[in-house]
Structures are given as structure tokens and as C-alpha cells.
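Enquirer: sequence and predicted model, in that order:
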Amino acid sequence: MPRFDIEKARFNMVEQQIRPWETLEQQTLDLISAVPREKFVPENYHAQAFSDVSIPLMHGQVMMAPKIEARLLQALMVHPTDMVLEIGTGSGYMTALLAKAARFVDSIDIYKDFVWDAKYKLKSLNIKNVSFDIGNAINDWNFKNNYDLIVFTGSLATLDPKFQQQLNVGGSLFAIVGQEPAMQAYVINRITKDEFESEILFETSLPQLLGQTSTHFEL
């Protein structure tokens, strides 16, 4: 039986999935190629680490398909000076991608096993510019800082407007909002203190993050 060629699979993921899905920005492609996705995939799904699928995690959550992760990163255009809030640590893969590109990442998840596993994996990759917390960041969290970027790694039934208020001017927020089967990926940019603009990037489907807010917000 031929040995699985990880680097060839990684190359094919970029060339056959990510590029055709309109991710062409070189910084994003380099970042996806540099962070070892296979180290964050559950062991029983290792053979699918580079496949065009959402990979199941515990607690009914998933790793987003590679092309969605790439579009997310390209839309946010992460800068080395950015302070990032990630809501939903999950596998820790998106945490690692953001940390590689940004100044610092605050990552929060309601499940402590996700957090501890991600901490171990990032430490093994010598990624140190991340702070992890355990808790419900959706509707029970006291945010003390504003951020340049905010990323939700699962879907939301609705998006509470309090989150866009946590953005610095010039900052951006990524969220997938809606109900099955019609969810839309949004980027919201803070233009001034009181002005925001939103853009629909694509349609997709993801499990909802635990701790949903009932506040309705028209994007």
C-alpha cells in the first residue's frame, strides 16, 4: 500500500479546493500551507485532513472545510499588528492560523476539553501569542478590550450587535448567520465609531455555537 504523501495532499488541497473557490491572496495561501492542518484533525479522521469536507469534532461541532477557512482568512486580511478575538476554539486550527498572522489572539470556548487540547497542540508548534479562556462568550462574557478582528468559528442564529461594538475602528468581524439550510457568511467592517458596513461572502452550513443570543440583528 503506497505511503500517504502529506505534502502532496496539502498542495492538492490548495490548488484544487482553495484556489478554485476564489482564494487567491498569496499571504492566505502561504499561511494555509505553513500551518499543519493534519495535527488538528481527530485521529479517526486523519485520512480526511485535506478533504473538501467539514470534519466532525466532539460536542456536535466541526472543523470548517479548508476552502471556507481560507475564504475567512482572505476576507479578514489579518495584519501582524492585529489583536484578534476568536469565539469557539474548536480544534485549535483556526486559532493557530490567526496566531501565525496576528499580534495576539484571545480564544474562548465553552468546552474545556477543546481548550486544553488546543493549548497542547499550539504549544507543540511553539505558538505562544494566544490566551485561552473557558466560558460562554456568546451571552455571558465581560469583554474588557476591543479588537481589530473578531471571528466566530461556528454559526449563529442571529448576531448580537454588541459584538460589532467590540471592534476597533477599521476592524472586521466574520460570522456565519442563519438557520438550516440557508446560512450566510458575513464580514462586518467598522468604518467609523457609528458606521458599519456588511458584505455577504458566500452561503454555507455549520453547527451553531452553544450559548445563542435571542437578540435579532438585521445585517
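Expert: Ah, there it is.
Enquirer: surely residue 13 is in contact with residue 50?
Expert: Yes: at 4.1 Å, residue 13 counts as touching residue 50 under the criterion of CB atoms under 8 Å. Quick note: C-beta positions are derived from backbone N, CA and C, even for glycine.
Enquirer: between the two, what contacts are shared?
Expert: Counting by CB atoms under 8 Å, 6 or more residues apart in numbering, the common neighbours of residue 13 and residue 50 are 37, 66.
Enquirer: residues in contact with residue 83?
Expert: Counting by CB under 8 Å, 6+ apart, residue 83 has contacts 102-104, 106, 145, 147-149, 168.
Enquirer: quick one: which of those sit in strands?
Expert: Secondary structure defined by DSSP state E assigns 104, 106, 147-149, 168 of these to strands.
Enquirer: let me have those in TSV, extended by neighbour count, pLDDT and distance to residue 134.
Expert: Output for these, formatted as TSV (neighbours: other CB atoms under 10 Å; pLDDT from 0 to 100; distance: CB to CB, whole Å):
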residue	neighbour count	pLDDT	distance to residue 134
104	16	98	18
106	20	97	12
147	23	98	19
148	22	98	23
149	23	98	21
168	14	98	25
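Enquirer: ok, so of these, who is nearest residue 94?
Expert: Of all the ones in strands among the contacts of residue 83, residue 94 sits closest to residue 149, with 11.6 Å by CB to CB.
Enquirer: can you give me the strands in this structure?
Expert: With DSSP E as the criterion, the chain has strands at 55-56, 62-63, 83-87, 104-109, 130-134, 147-156, 167-179, 182-190, 196-204.
Enquirer: list the buried residues of the longest one.
Expert: It refers to strand 167-179. Residues of strand 167-179 classed as buried: 167, 171-178 (neighbour count, 16 or more other CB atoms under 10 Å).
Enquirer: what's the angle between that strand and strand 147-156?
Expert: For strand 167-179 against strand 147-156, the angle by axes from the mean of the first three to the mean of the last three CA atoms, to 10 degrees is 10 degrees.
Enquirer: angle of strand 167-179 against strand 182-190?
Expert: Going by the same axes, to 10 degrees, strand 167-179 makes 170 degrees with strand 182-190.
Enquirer: how about residue 118, nearest residue that isn't a chain neighbour?
Expert: Leaving aside its sequence neighbours, residue 118 sits nearest to residue 92 (CB to CB, 6 or more residues apart in numbering; 2.9 Å).
Enquirer: do the same with residue 121
Expert: residue 92 (5.1 Å).
Enquirer: what's near enough to touch the residue nearest to residue 118?
Expert: Taking CB under 8 Å, 6+ apart, we find residue 92 in contact with 40, 107, 114, 117-119, 121-122.
Enquirer: ok, of those residues, which one's closest to residue 20?
Expert: Residue 20 lies nearest to residue 40 out of these, by CB to CB, at 23.2 Å.
Enquirer: residues contacting that closest one?
Expert: 63, 91-93, 96, 121.
Enquirer: neighbours around residue 60, how many?
Expert: A count of nearby residues for residue 60, using other CB atoms under 10 Å, gives 10.
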